[in-house]
Each structure stands twice: as structure tokens, then as C-alpha cells.
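> Fold the stuff below for me.
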Amino acid sequence: MALRHLIVREVKAALRNPAFIASLVLLFIFYMAIGGAARSGISQAIEEAMRMRVAIVTEESTELVTALLQNLNASTGGGIRVYQSVESALNENIHVIILPKGFTESALTPGKTPVFKALVKIDTLSQVAIQSRVGVVQSIASLTSSLLPRTIALLYNISIPPQKSVVVNTTVIAFGRTMSIAEANSLLNFAIAAMFIVSFIMGITTSSAAANTAIEKVEKAFEMLLAQPVPRREIVLAKIIGAVAIALLTGVVYFIAFFAMLFLMASPTAGLATEGGMLEIGTIMTYVGGEALGYVIIPLVVGLIYSGAIGVIIGSISSDERIAGVLATPITFLYVGLAIAGMFVNLPVNTLTVMLYGVLVAPLPYIYIVSKMSNSLTPLVIGTVTAMASCIIIITIAVVVFNRDTVILGIRWPKKRRET
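Here you go, the predicted structure:
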């Protein structure tokens, strides 16, 4: 019975805590918003794929090509548009397929494989949207493979020949720059991995700074520290730097342990898989280049200071470490949620989006990859400057809070008076 009463007491104490209830509400609203945004991004990708609007440029005019295009257009519900030049097709469409010279000969000659050339425009960082756009081209190639034998049989009055798989060589135009799918995927995978690393360590920093600041208040060491003849802004900076150091140490140990676990779990027969993983990392580094280190370090340094300042603010307005932990938890999930949302949300990349990512700091690697893809320093500069400005603003808010009485007492939630 005593254990049951103790458990009920703990649960009631948590439920009576306004900060705990507020954190639950914020977490629910935030992840509902992420879910809605992800659903919207997926719906847009599906709708775009269902519309099946594809431009086709023919480099040869034969009876087979003409008949095949008519069958394709009928099968896609009028989704095929024929253009005379690649430039005009790209101006009006996302997907462009080129029927090169020699296509008819390859289709009619045994042993030869008909080949499409495809161009796909990318103006978003949503993995779902990108895969959907590339998938549309693959779908046209698959549909052509099934239509080609029947078209040949009807056109030349022969029995249906064996089906030939039409191969499509796809090139993407990412933010105006032409590159292979392998390069585009490597850059985007690098951005997602970097963002998860930055988000994870930012979460550690926020929780550490908030807990340490709140614990000092409970242990009455905080008042003694503030009574020293030391400017409070220096105390703020010291706490932020201390939280950054702890987060870096924790993050380094975590990732070393994680990769060590993966290494130990690998069986001797998994050599090919391990080699494939190493090749994938090598491919990513080849495409990203030597600046890859900066693409992680700059967001990480800014993010650590940013999240450390937020943690100090949370700890300074909390009355104890329990309240600080409750308030810091939604912030930690926020960072991870941003990394997840970036994979689904189909946001247009413009100055406003770049500034938004800069304010949030965690998605900054995405902006750096946009600069890499577009060969333009503008997104990189705008994102970095915005992130640094946001960092300075958060530190300023922390200093202002430290100069008020709230830093001693914390935010006191009003209690109902008991009727006598």
C-alpha cells in the first residue's frame, strides 16, 4: 500500500506541475505540425507523380517513335508533351525525356537496348519530392518497355517480339547545376546526416546547460556566484562554454561508442557490406569535397552556443532542476524533429527559407548543400549570418534574464488559495 501511495504522489506531483503539462502540450502540437507538414509534402509528391506531366524531345522522327508517343500519351491520360528542343522543354516542365538518335534501330535490332536520356529539375531539399520526381522518369521507361513490343507488332504487322527493357540515363538539374543522381543523393544524404549530428548535440547542450544552472540554484551556490564581483554576462558566457564542452565530450563518446558497436556487431561474412559502406562514405566525400568539414563544424559551433544559451535561459527561469528538465525536453525534441521534417517538407528554397533555417540553426547544413549544388555563396552567407545574429540575440536575452530577480527565484506559478 505504501508503494502505491508513493507512486500516486509522484504522478500527482507531475500532473500538478504547469511546466510539465505545458511541455506535453507543446510536444503534441509540434509533432502534429511536423506530421501535417510531412503529410502535405508527401501528398504534393504523390499528386505531382499522378499528374504524370512529362516533356519528350525526339531527336529522330520515325514511324515507330510517332506511334510509341501516341500510345504513351493515351496510357498516361494526355500526360505527354512533345517539344522540339530541350531548352523549351525545361522552361515549362520538371521532367524531360530525350529520345536519342538510334532509338528505333535499338528497339528493332535483337541484342540492342533502347536508351532514354532524362533530365529532372530539383528545386527542393525534400527527399520524398526528389525520389518522386526521379520515379516518374523510371515509370515512363517501364511503361515504354511494356508498350514497345505491341507498338512494333501493330506497326510492322508481325508477331509480338520479346519485350525489351528500356534503360533511362537520368541527370538532375539541382538549383540550376547539372549533376548525376549519385552526386545529388550523396549531397543530400550528407546534409541529412550532418543535420542529425548537429541536432543531437544541440539537444545535449540545452539539457546540460538547463540542468546545471537549475541545480546550482537548488544547492544555493547560485546566489553565492552572483554575489561575487564578476559581471553577470561573464557568468552567462562561462555557463554556455561549460555546457558546450560537456556536450562535445558526450557527443564524441556517444558516436565513438555507436560506431564501435556497429563494428563489433559486424560478422566476418559482412565484409562486402562493410566495404559498400566505406565506398558510400568515400562517394559522399568525393562529391561534397574538402569543405565538408566546414559544413559540419560551422553549424555545430554556432548551434552549440545557441543551444547552450537557450539552456541557460531555461535553467535561470526554473525554480529547480525538475522544472528545467521538463522545459528543456521539448526543445531537445524540437531539434530532432527539424531533421525529420526536412526529409518530407517540400519548401521552396528562397531567401525567406534560408533565413528561417538560419534562425533555427539546426537545418543549416541543408543551406550549405544548396550553395554547393547551385555554385552560389549567397545561401551560405545569408544562412550563416542569420544564424550568428540569432545566436547573439539569444545570448543577449540570457544576459538580460541574469540581470533580473527571476534568475534567483525562477518563475513562480500562482497557486490557488485555500478557503478557510
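> all strands of this protein, in order?
54-58, 80-83, 95-99, 115-122, 167-174, 177-180 (DSSP state E).
> Show me what the second one is packed against.
In this structure, strand 80-83 packs against strand 54-58, helix 63-75, with contacts taken as 3 or more C-beta pairs under 8 Å, 6 or more residues apart in numbering; DSSP states H and E. Placement of C-beta: from N, CA and C, glycine included.
> if we can go back for a sec, could you identify which of the strands of the chain is most buried?
Ranked by mean neighbour count, those are led by strand 95-99 with a mean of 24 (mean count of other C-beta atoms under 10 Å).
> Show residues contacting that one.
With contact meaning C-beta atoms under 8 Å, 6 or more residues apart in numbering, strand 95-99 is reached by 53-60, 65, 83, 86, 89-90, 116-121, 133, 136-137, 140, 168.
> could you redo the last one with a cut-off of 6 Å?
Residues from elsewhere that reach strand 95-99 (C-beta atoms under 6 Å, 6 or more residues apart in numbering): 54-58, 65, 89-90, 116-120, 136-137.
> ditto for stretch 106-116
So stretch 106-116 is contacted by 97, 103, 141, 148, 166-168 (C-beta under 6 Å, 6+ apart).
> Outline the domain layout of the protein.
Under the assignment automatic domain parsing, the domains of the chain span 16-41+187-409, 52-174.
> So for the longest one, mean pLDDT?
On average, the pLDDT along domain 16-41+187-409 is 75.
> ok, how many other residues are close to residue 79?
Neighbour count of residue 79, defined by other C-beta atoms under 10 Å: 17.
> That one contacts residue 55, correct?
No. Between residue 79 and residue 55 there is no contact under C-beta atoms under 6 Å: 10.1 Å.
> dump the residue contacts of residue 367.
Residues near residue 367 by C-beta under 6 Å, 6+ apart: 354, 357, 379, 383.
> among these, which ones are buried?
Among the contacts of residue 367, those scoring as buried are 354, 357, 379, 383 (criterion: 16 or more other C-beta atoms under 10 Å).
> Among those, which one sits closest to residue 369?
Within the buried ones among the contacts of residue 367, proximity to residue 369 (C-beta to C-beta) peaks at residue 379, which comes in at 9.1 Å.
> show me the contacts for that closest one.
Contacts of residue 379 (C-beta under 6 Å, 6+ apart): 354, 367, 370-371.
> again, only using 8 Å
Going by C-beta under 8 Å, 6+ apart, residue 379 touches 349, 354, 367-368, 370-371.
> what do you get for residue 78?
Under the criterion of C-beta under 8 Å, 6+ apart, residue 78 has no neighbours.
> Check residue 306 too.
202, 361, 387, 390-391, 394.
> Next, count neighbours for residue 69.
Residues lying near residue 69 (other C-beta under 10 Å) number 18.
> Please tell me how far it sits from residue 190.
39 Å (C-beta to C-beta, to the nearest Å).
> if we can go back for a sec, farthest-separated two in the contacts of residue 367?
For the contacts of residue 367, and using C-beta to C-beta, no pair is farther apart than 357 and 379, which are 9.0 Å apart.
> ok, now how distant is residue 368 from residue 101?
Taking C-beta to C-beta, one finds residue 368 at 40 Å from residue 101.
> Counting neighbours, go ahead and name the busier of these two.
Higher neighbour count among residue 368 and residue 101: residue 368, with 26 against 10, using other C-beta under 10 Å.
> Make sure the more buried one is actually in contact with residue 378.
No. Using C-beta atoms under 8 Å, residue 368 is not in contact with residue 378; the gap is 11.9 Å.
> Scan the protein for its longest helix.
If you go by DSSP state H, the chain has its longest helix at helix 181-218.
> out of the domains of the chain, nearest to residue 181?
That would be domain 52-174 among the domains of the chain, by C-beta to C-beta, at 5.5 Å.
> what's residue 376 sitting at in phi/psi?
Here is the backbone geometry of residue 376 (degrees, to the nearest 10): phi -130, psi 130.
> what about it, neighbour count?
Using other C-beta under 10 Å: residue 376 sits among 14 other residues.
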